[in-house]
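Asker: Sequence and computational prediction follow.
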Amino acid sequence: MSGADGIIRHDWTLDEIIALHQLPLLELVGRASAVHGAHHDPNRVQKASLLSIKTGGCPEDCAYCPQSAHHREVDLTRDLLMDPDAVVAMAATAKAAGAERFCMGAAWREVRDGKAFDAVVAMVAGVRALEMEACVTLGMLKPHQAERLAAAGLTAYNHNLDTGPDYYGAIITTRTYEDRLKTLATVRAAGIDLCCGGIIGMGESVRDRAGMLHILAGFAPHPESVPINALVPVAGTPLAQRPPVDPLDLVRMVATARLVMPTATIRLSAGRSSLTREAQVLCLVAGANSVFYGETLLTTPNAGIGEDADLFAALAAQPVETQPVERRCA
């Protein structure tokens, strides 16, 4: 670990972050892994579960998202807001499967006061009663709404930046970058943890990826949770024809995030289903310490539960061989 690595900083420059991202891969992963081990138990990987509690019909035009009402060719069944009791029951099932954090997403532009928001508050309280962490992503919200969620026990609020500020306009036009930053400030003021990251593979440059990390690393304190997603192209969306993300690009992004935000939980999020077991392990070595567990993430496929069981079995301590290993001479 470099002498300066692992120090909590909020004054990273964009050029410094680009330089980290572009380091020789083995050096980058080695430095990030050392920082990770200095601030976290390297053997601990949190399992989180993510549920779409209201699906489709979102008025935003995010180019990657199949839930946008603007993308009329997407084959997606719209669902109304789920019943709180059903959501809490699903959270209990997720906990029994090993999840420690339960995340709930509603395809809304913003929170509106009324019965729907009352139901979400009840969901949060119900999940917390299970002694699980609770996270929601609901779009923009006002201070009094954030305070209600905090009073219900909400652990974290997810509101991603998606990409760097210079590329943002190519991905979404119905909400400004400043809107996103204002929402994050509202959440922080209510005493709720921030869950904020973005997506790679949307046509952005390395500078754009670093630009997003530059914004996040400038927050004081850093976001407690930083999800790193690889684009999952969905037919009918404007990004449907984007090529697959190189797994090593994801490794670089995870490692750079770990170096500039040493204490954050780096979440290996969407796109994990396309990674080999070995690529996922490399992301964990590079500093990721949480994965989303379950067959789907909102509306896109995720690694299967059986595959994840194999992954976690491979990560676990292995029994010591008590029988001599047969060796053959060449």
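Answerer: Yep, it's here.

Asker: packing partners for the helix or strand harbouring residue 186?
Answerer: Following DSSP states H and E, one finds residue 186 within helix 177-189. Applying 3 or more CB pairs under 8 Å, 6 or more residues apart in numbering; DSSP states H and E, we find helix 177-189 packed against helix 143-151, strand 193-195. To be clear about C-beta, it is placed using only N, CA and C from the backbone, and glycine gets the same treatment.

Asker: need these in a markdown table with mean pLDDT, can you?
Answerer: Listed next are the helices and strands packed on helix 177-189 as a markdown table, based on pLDDT from 0 to 100:
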| stretch | mean pLDDT |
| --- | --- |
| helix 143-151 | 97 |
| strand 193-195 | 97 |
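
Asker: looking at those, which is closest to residue 38?
Answerer: When the helices and strands packed on helix 177-189 are compared by CB to CB, strand 193-195 sits nearest residue 38, at 21.4 Å.

Asker: what's the following helix or strand after that closest one?
Answerer: Counting by DSSP H and E, what follows strand 193-195 is strand 198-200.

Asker: which residues are contacting stretch 277-289?
Answerer: By CB atoms under 8 Å, 6 or more residues apart in numbering, the list of residues contacting stretch 277-289 from outside reads 28-29, 32-33, 35-36, 40, 44-46, 228, 247, 250-251, 254-255, 257-259, 265-268, 272, 275, 291, 303, 307, 310-311, 314-315.

Asker: for the spatially most central residue of the chain, helix, strand, or coil?
Answerer: The residue lying closest to the centre of the chain (CA atoms, centre = their mean) is residue 227, at 2.3 Å. Here residue 227 is strand, with the state taken from DSSP: H, G, I helix; E, B strand; the rest coil.

Asker: all strands in the stretch 151-300 of the chain, in order from the N-terminus.
Answerer: With strands called from DSSP state E, counting those that start in this stretch, the stretch 151-300 of the chain shows them at 156-158, 193-195, 198-200, 225-230, 265-268, 290-292, 296-297, 300-301.

Asker: Rebuild those as JSON lines, extending it with distance to residue 4.
Answerer: Listed next are those as JSON lines, based on distance: least, CB to CB, whole Å:
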{"stretch": "strand 156-158", "distance to residue 4": "29"}
{"stretch": "strand 193-195", "distance to residue 4": "25"}
{"stretch": "strand 198-200", "distance to residue 4": "25"}
{"stretch": "strand 225-230", "distance to residue 4": "20"}
{"stretch": "strand 265-268", "distance to residue 4": "20"}
{"stretch": "strand 290-292", "distance to residue 4": "26"}
{"stretch": "strand 296-297", "distance to residue 4": "35"}
{"stretch": "strand 300-301", "distance to residue 4": "38"}
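
Asker: Which one, of those, ends up nearest to residue 236?
Answerer: Nearest to residue 236 among those is strand 300-301 (12.8 Å), distances taken as CB to CB.

Asker: burial of residue 221, as a residue count?
Answerer: By the criterion of other CB atoms under 10 Å, residue 221 has 13 neighbours.
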